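A.B. asks: Everything below, folded, please.
(one chain, ligands or ions: 1)
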Amino acid sequence: MSHNKGAYEELRALRRRAGTLGSVGSLLNWDQETYMPPAAAGHRAEQSALLAGLVHERLTDPRVGELLAACEADAAIRADAAASANVREMRRDYDRETRLPKDLVEEIARVGSQSQEAWKEARAKDDFPMFAPWLGKMVGLMRRKAECLGVPRGGESYDALMDEYEPGATAKMIEGVFTPLRARLSTFIGEAAGKGRQPDVAPLGVKIDPARQHEFGLQVLGTMGFDLGAGRLDVTTHPFCSGMAPGDTRLTTRYRDEKFTDALYGTMHEAGHGLYEQGLPKGEYFGEPLGEAVSLGMHESQSRLWENFVGRSREFWAWALPRTRGTLGLKGSVEDYFRATNTAMPTFIRVEADEATYNLHVMLRFELERGLIGGTLAVNDVPGEWNKAVETYLGLRVPDNRRGCLQDVHWSFGLFGYFPTYTLGNLYAAQLWEAYTAKEPGFASAIERGEWLGLRDWLRATVHVHGRRFPAAELCKRATGKELSADPLMRHLERKLRPILGI
Ligand code: ZN
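C.D. replies: Next up, the predicted model:
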């Protein structure tokens with residue numbers, strides 16, 4: 001490379017430093033979600049705001065702008081595929097970040113941290129009016145954020161926010177994907193409700209000591225190839241994965257008495273995210289775009305693959321049952337567990353929804369948050385509109401706000417434009433699964449033998465190692481040979497669920 005190798009390396013070092021500072025914030029956030037005593041919340045909000053401001057300062061340092069300009073003018077960098085992709089994405093980040101004033105960034109972090117605490121309490125007490133003023137503040141901050149970022153021509157404020165999570169996606173595009181998918185899912189679920197027989201879920205109702213569930217969770221993580229020497233599994237209210245630093249990917253789950261599979265699939269889900277984080281080339285590129293996940297939709301595809309395509313298969317239960325009969329006290333057969341974990345039955349809670357109804361939960365959130373940001377929905381109307389949407393989409397009457405609009409943490413700290421990535425993830429997952437199993441038709445029996453690493457390694461090679469080198473849509477096409485489509489997901493659901501439901 002030419003004389004500007006110096007500029008590129010300096011730029012990389014600055015990003016790595018900002019990434020290191022950011023990872024301190026991630027650690028604080030992990031702590032807040034797991035072990036922090038409630039009385040520490042006030043000071044934690046100050047710590048989070050300070051760090052967010054410092055990271056922002058680093059990322060918007062005018063020196064970064066100078067170095068970027070020098071790299072962009074350099075023919076040698078342009079000719080180097082990896083370096084030019086890295087610079088292209090750093091430019092994107094710099095432009096986004098410099099449009100946001102520091103006081104706004106700090107304010108979002110501070111209010112978000114307080115609002116999250118308010119949400120926890122409001123949810124526990126089923127008290128929407130307690131949360132409403134915080135939600136109002138976050139919506140206001142997010143609209144200001146969108147204004148600063150700039151609304152794309154012909155687009156809407158929502159697009160500017162969603163672009164952070166799914167670069168390039170717009171509300172119109174999402175609507176275009178969701179509308180036909182909603183029709184196909186509704187038809188299918190209607191058919192299931194009309195003449196289908198829902199499987200017996202009684203086998204899931206065994207009470208299992210959380211310590212034993214945890215032990216089994218760790219065994220599943222090991223089989224997935226998650227490196228526990230470079231990660232952890234802890235307990236929280238709202239499971240998540242934080243790939244905070246090289247060698248440090250933390251997963252959380254929650255154990256419930258009523259249904260042990262919630263924790264099991266929660267763990268597999270977060271571990272799917274965790275494998276992506278562990279598969280990113282962070283040793284070489286920590287803090288740089290080439291060491292970061294391409295989009296949240298692609299991230300979610302990794303979790304859904306393990307949770308639904310591996311975890312809810314007959315072969316998974318053929319592997320799991322003989323290993324856990326003694327420790328978990330499970331009584332049913334492989335067929336019983338396979339059927340019990342594959343219902344198509346509307347329920348209230350998104351994170352516990354089955355594969356068939358899950359995306360309807362996402363679609364209603366997308367519509368409501370688009371309305372909140374666009375100004376067509378007032379905060380105080382959220383519970384009513386939520387309940388109306390649940391009735392239309394899922395045919396259910398919401399009994400309380402805990403099982404309604406207070407169930408998700410996202411809006412409390414300003415994650416607007418985030419929900420659609422869950423459904424994009426399901427679509428990417430189905431398409432990746434179809435591509436992998438076409439190439440490796442023997443993988444189903446490999447699942448039964450506990451030989452799951454083939455999938456992890458394929459995902460690593462086709463998705464993880466690239467970081468943000470290719471946009472998500474292109475990465476999908478390179479990995480699967482096709483543009484993203486809803487067909488693989490519908491094929492998967494129909495093929496698996498029709499025989500179970502008898503339709
Ligand atoms: Zn996820």
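
A.B. asks: For the stretch 51-200 of the chain, just list every one of the helices.
C.D. replies: Counting by DSSP state H, counting those that start in this stretch, the segments of the stretch 51-200 of the chain that form helices are 62-72, 75-79, 81-98, 102-125, 128-149, 157-162, 171-195.

A.B. asks: Could you say which of those is packed most deeply?
C.D. replies: The highest average neighbour count among the helices of the stretch 51-200 of the chain, using mean count of other C-beta atoms under 10 Å, belongs to helix 157-162 at a mean of 25. C-beta coordinates here come from the backbone N, C-alpha and C atoms, glycine included.

A.B. asks: just checking, what packs against that helix?
C.D. replies: When contacts are defined as 3 or more C-beta pairs under 8 Å, 6 or more residues apart in numbering; DSSP states H and E, helix 157-162 sits against helix 128-149, helix 171-195, helix 358-374.

A.B. asks: quick one: the shortest one near the ion?
C.D. replies: No. No part of helix 358-374 sits close enough to the ion to count as contact by C-beta under 5 Å from the ion; the gap is at least 11.3 Å.

A.B. asks: Output that helix as PDB, nothing but the C-alphas.
C.D. replies: The C-alpha trace of helix 358-374 is given here as PDB (Å, rounded to 0.1, in the frame of the first residue of the first chain):
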ATOM      1  CA  TYR A 358     -44.100 -14.900  16.100                       C
ATOM      2  CA  ASN A 359     -43.900 -12.700  13.100                       C
ATOM      3  CA  LEU A 360     -47.400 -11.300  13.700                       C
ATOM      4  CA  HIS A 361     -46.200 -10.000  17.000                       C
ATOM      5  CA  VAL A 362     -43.400  -8.200  15.200                       C
ATOM      6  CA  MET A 363     -45.700  -6.800  12.600                       C
ATOM      7  CA  LEU A 364     -48.000  -5.100  15.100                       C
ATOM      8  CA  ARG A 365     -45.100  -3.500  16.900                       C
ATOM      9  CA  PHE A 366     -43.700  -2.200  13.600                       C
ATOM     10  CA  GLU A 367     -47.000  -0.500  12.800                       C
ATOM     11  CA  LEU A 368     -47.400   1.000  16.300                       C
ATOM     12  CA  GLU A 369     -43.800   2.300  16.600                       C
ATOM     13  CA  ARG A 370     -43.900   3.700  13.000                       C
ATOM     14  CA  GLY A 371     -47.000   5.600  14.200                       C
ATOM     15  CA  LEU A 372     -45.300   6.800  17.400                       C
ATOM     16  CA  ILE A 373     -42.300   8.200  15.500                       C
ATOM     17  CA  GLY A 374     -44.400   9.500  12.600                       C
END
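
A.B. asks: So residue 239 sits against residue 256, correct?
C.D. replies: No. Residue 239 is beyond contact range of residue 256, at 11.4 Å (criterion: C-beta atoms under 8 Å).

A.B. asks: Look at those two and report which has more neighbours.
C.D. replies: residue 239 (21 against 15; other C-beta atoms under 10 Å).

A.B. asks: In space, what's closest to the residue in the stretch 101-250 of the chain positioned nearest to the ion - neighbours in sequence excluded?
C.D. replies: Shortest the stretch 101-250 of the chain-to-the ion distance, computed as C-beta to the ion: residue-wise this is residue 241, at 7.2 Å. Closest residue in space to residue 241, ignoring its immediate chain neighbours: residue 273 at 3.8 Å, by C-beta to C-beta, 6 or more residues apart in numbering.

A.B. asks: Now do the strand or helix carrying the one you found: which elements does it pack against?
C.D. replies: Secondary structure from DSSP states H and E places residue 273 in helix 260-279. Counting contacts by 3+ C-beta pairs under 8 Å, 6+ apart, helix 260-279 packs against helix 210-224, strand 231-235, strand 241-245, strand 248-253, helix 296-304, helix 453-462.

A.B. asks: same thing but 10 Å
C.D. replies: Helix 260-279 is packed against helix 210-224, strand 231-235, strand 241-245, strand 248-253, helix 296-304, helix 314-328, helix 420-439, helix 453-462, with contacts defined by 3 or more C-beta pairs under 10 Å, 6 or more residues apart in numbering; DSSP states H and E.

A.B. asks: Report the inter-axis angle for the second one versus helix 210-224.
C.D. replies: An angle of 150 degrees separates the directions of strand 231-235 and helix 210-224 when computed by axes from the mean of the first three to the mean of the last three C-alpha atoms, to 10 degrees.

A.B. asks: Skipping its backbone neighbours, what lies nearest residue 231 in space?
C.D. replies: With C-beta to C-beta, 6+ apart as the criterion, residue 231 has its nearest non-adjacent residue at 4.1 Å, and that residue is residue 249.

A.B. asks: what sits against residue 71?
C.D. replies: 4-5, 7-8, 10-12, 77-78, 83-84, 86-88, 90-91 (C-beta atoms under 10 Å, 6 or more residues apart in numbering).

A.B. asks: Actually, residue 297.
C.D. replies: Residue 297 is in contact with 165-167, 169, 420-429, 472-473, 476, 484, counting by C-beta under 10 Å, 6+ apart.

A.B. asks: And for residue 328?
C.D. replies: Per C-beta under 10 Å, 6+ apart, neighbours of residue 328: 206, 208, 209, 212, 213, 215, 216, 260, 264, 320, 321.

A.B. asks: I only care about those residues that end up buried; give me the ChimeraX line for that.
C.D. replies: To isolate the buried members of these in ChimeraX, using 16 or more other C-beta atoms under 10 Å:
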select :208,212,213,216,260,264,320,321
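
A.B. asks: got the contacts of residue 328 as a markdown table, with distance to the ion and pLDDT columns?
C.D. replies: Below are the contacts of residue 328 laid out as a markdown table (distance: C-beta to the ion, whole Å; pLDDT from 0 to 100):
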| residue | distance to the ion | pLDDT |
| --- | --- | --- |
| 206 | 26 | 90 |
| 208 | 24 | 94 |
| 209 | 26 | 93 |
| 212 | 25 | 95 |
| 213 | 20 | 95 |
| 215 | 23 | 95 |
| 216 | 20 | 96 |
| 260 | 20 | 92 |
| 264 | 15 | 96 |
| 320 | 21 | 97 |
| 321 | 26 | 96 |
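
A.B. asks: hmm, which two among the contacts of residue 328 are most spread apart?
C.D. replies: 209 and 321 (18.1 Å; C-beta to C-beta).

A.B. asks: near the ion, which residues of the stretch 151-300 of the chain?
C.D. replies: Contact residues, the stretch 151-300 of the chain versus the ion (C-beta under 5 Å from the ion): residue 300.

A.B. asks: where does the stretch 151-300 of the chain dip in pLDDT?
C.D. replies: Applying pLDDT under 70 to the stretch 151-300 of the chain flags no residue at all.

A.B. asks: Name the nearest residue to the closest residue to the ion within it, ignoring sequence neighbours.
C.D. replies: Per C-beta to the ion, residue 300 is where the stretch 151-300 of the chain lies closest to the ion, at 4.9 Å. Residue nearest to residue 300 in three dimensions, not counting chain neighbours: residue 425, with 2.4 Å by C-beta to C-beta, 6+ apart.

A.B. asks: how near is that neighbour to residue 273?
C.D. replies: Separation of residue 425 from residue 273 (C-beta to C-beta, to the nearest Å): 10 Å.

A.B. asks: helix/strand/coil for the residue lying closest to residue 263 once chain neighbours are set aside?
C.D. replies: Nearest-residue entry for residue 263: residue 255, 4.7 Å, with adjacent residues in sequence omitted and distances by C-beta to C-beta, 6+ apart. Secondary structure, DSSP: H, G, I helix; E, B strand; the rest coil: residue 255 is coil.

A.B. asks: In contact with residue 255: list those residues for me.
C.D. replies: Contacts of residue 255 (C-beta under 10 Å, 6+ apart): 208-214, 217, 235, 262-264, 266-267.

A.B. asks: Could I get those residues in CSV, plus columns for distance to residue 456?
C.D. replies: Compiled in CSV, those are given as follows (distance: C-beta to C-beta, whole Å):
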residue, distance to residue 456
208, 27
209, 29
210, 27
211, 27
212, 25
213, 23
214, 22
217, 17
235, 25
262, 23
263, 21
264, 18
266, 19
267, 16
